[in-house]
Each structure stands twice: as C-alpha cells, then as structure tokens.
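Novice: show me the folded form of this:
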Amino acid sequence: MAENATDLKEYLESYIPSLISKRLEEKPLPNMEGTNFTVQLTIQGEKTLVYGFAVKDAREISVTPGGIANPMLDVVVPDDVIRPLVDMVASFTGRKQYDAASSSRGLLKLEVAMPGDWTLPVTVKFNGADSPSVTISAPAEVFAKMAAGEMSGPTAFMQGKIKMDGDMSFALSLTNLMP
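Specialist: Okay, here's the model as predicted:
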C-alpha cells in the first residue's frame, strides 16, 4: 500500500470531495443550515492513512489529512480490501498488456467479491466500445492470482473459480491482458 499512498492521497483529498460537492450542488438537501457532518476514514495497513471529512450545511466539504477530533462516524477499512484492485491495475505494465489493451474493443464488467461479503463492481471500456461485452465474477483473491500471473483466466474458468456471462470470444481475447 505504501507505494500507492500518493495516488490514494490525491483520491481522498481531491476526487472524493469533488464528487461530494458535485452531488450536493445537483441535489441540495433542505433544512441543513447549521449542521456539520463529520466522518473519519482510516485505511489500515503497512502505511495507515487517516482522513477527516466535514460537510458543513450540506454545501461545503473539507478534508483534513491526519483525521479530526470526535467524528460522528469513524470508518476503518483494511488495505487488503483495496490491494487486489491495486494489484490488478499494476499488472498492466508490459508490452503484451499494452498491445492487448490498445487493440481490444468492448466492455468488460468485473464483479469482485470482497472480504466482508460485498461486491466491488468495476467496468472497463476498451477504446470507447460498448460491445461486445462480458461480465466476469470472482472473489478478489482469484482476480489477484490472475493479475499476478499465478493463474490464467481460462484455468480459473475451467476450475469454476470465475463465472462469465456474455461474449465468450471477447473474454478469451482479453487473456493477453494478464502477465
């Protein structure tokens, strides 16, 4: 997690607040004058990150690196929830993966079963194309093994570790994305 702390820091300090601000502008909440909703988010791991978020009057958001005193909500997320996704993205670094990504056209939907019994939906659109499309479902640890090159997609499918729905030939064409 430490090597990705800079990207995560930018995400937490810039991207999330801009999403919340945009949402509040689009759908203002009535009767929120005089309120200050606070949340502290801790991503716990090798390098623990702590951020405080405050939403004043349901209009203004502020972010405090290092956290805030007495938050209304204190949320702790282990970094192993985030790590499989980071590992998957980091695996797309070779020429083979570049060539496969640049020549692919279609929509890949991943349904990543995460620890704690929830599913992380990830959508990847290749070169602006919505079709063909395929949905691949598997536990995070299976996706992590595939991203690390420890297991191939076809092997995972044949062993029943992943499920696919949609255009199978498109799914097979994506096998070159893995190391």
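Novice: for the rest of this, base every contact and every neighbour count on C-alpha atoms.
Specialist: Will do.
Novice: low-confidence stretches in the protein?
Specialist: Along the chain, the model assigns pLDDT under 70 to residues 1-7, 81-94, 179.
Novice: and the helices in it?
Specialist: 5-10, 16-26, 79-90, 95-103, 140-147, 153-158, 168-173 (DSSP state H).
Novice: what comes up buried for stretch 106-117?
Specialist: Within stretch 106-117, the residues that count as buried by 16 or more other C-alpha atoms under 10 Å are 106-114.
Novice: which two in these are spaced the farthest apart?
Specialist: When C-alpha to C-alpha is used, the two most widely separated members of the buried residues of stretch 106-117 are 106 and 114, lying 25.0 Å apart.
Novice: sorry, back to before: can I get the helices of the chain in TSV with mean neighbour count and distance to residue 129?
Specialist: Below are those laid out as TSV (neighbours: other C-alpha atoms under 10 Å; distance: least, C-alpha to C-alpha, whole Å):
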stretch	mean neighbour count	distance to residue 129
helix 5-10	13	27
helix 16-26	14	25
helix 79-90	16	20
helix 95-103	14	11
helix 140-147	21	23
helix 153-158	15	22
helix 168-173	15	12
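Novice: export the ones you listed to a markdown table and append columns for distance to residue 35.
Specialist: Below are those laid out as a markdown table (distance: least, C-alpha to C-alpha, whole Å):
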| stretch | distance to residue 35 |
| --- | --- |
| helix 5-10 | 26 |
| helix 16-26 | 14 |
| helix 79-90 | 31 |
| helix 95-103 | 47 |
| helix 140-147 | 38 |
| helix 153-158 | 50 |
| helix 168-173 | 49 |
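Novice: out of the buried residues of stretch 106-117, which comes closest to residue 148?
Specialist: Closest to residue 148 out of the buried residues of stretch 106-117 is residue 112 (15.7 Å), distances taken as C-alpha to C-alpha.
Novice: who's that closest one bridged to?
Specialist: Beta-bridge pairing for residue 112 (DSSP bridges): residue 120, residue 138.
Novice: so it touches residue 144, yeah?
Specialist: No - assessed by C-alpha atoms under 8 Å, residue 112 is found out of contact with residue 144, at 10.1 Å.
Novice: check contacts around residue 112.
Specialist: Residue 112 makes contact with 119-122, 137-140, 143, according to C-alpha atoms under 8 Å, 6 or more residues apart in numbering.
Novice: just the buried ones from these?
Specialist: The neighbour-count criterion (16+ other C-alpha under 10 Å) marks 119, 137-140, 143 among the contacts of residue 112 as buried.
Novice: tell me which two in those residues are the farthest apart.
Specialist: Of all pairs drawn from those, the one with the longest distance (C-alpha to C-alpha) is 119 and 143, at 12.8 Å.
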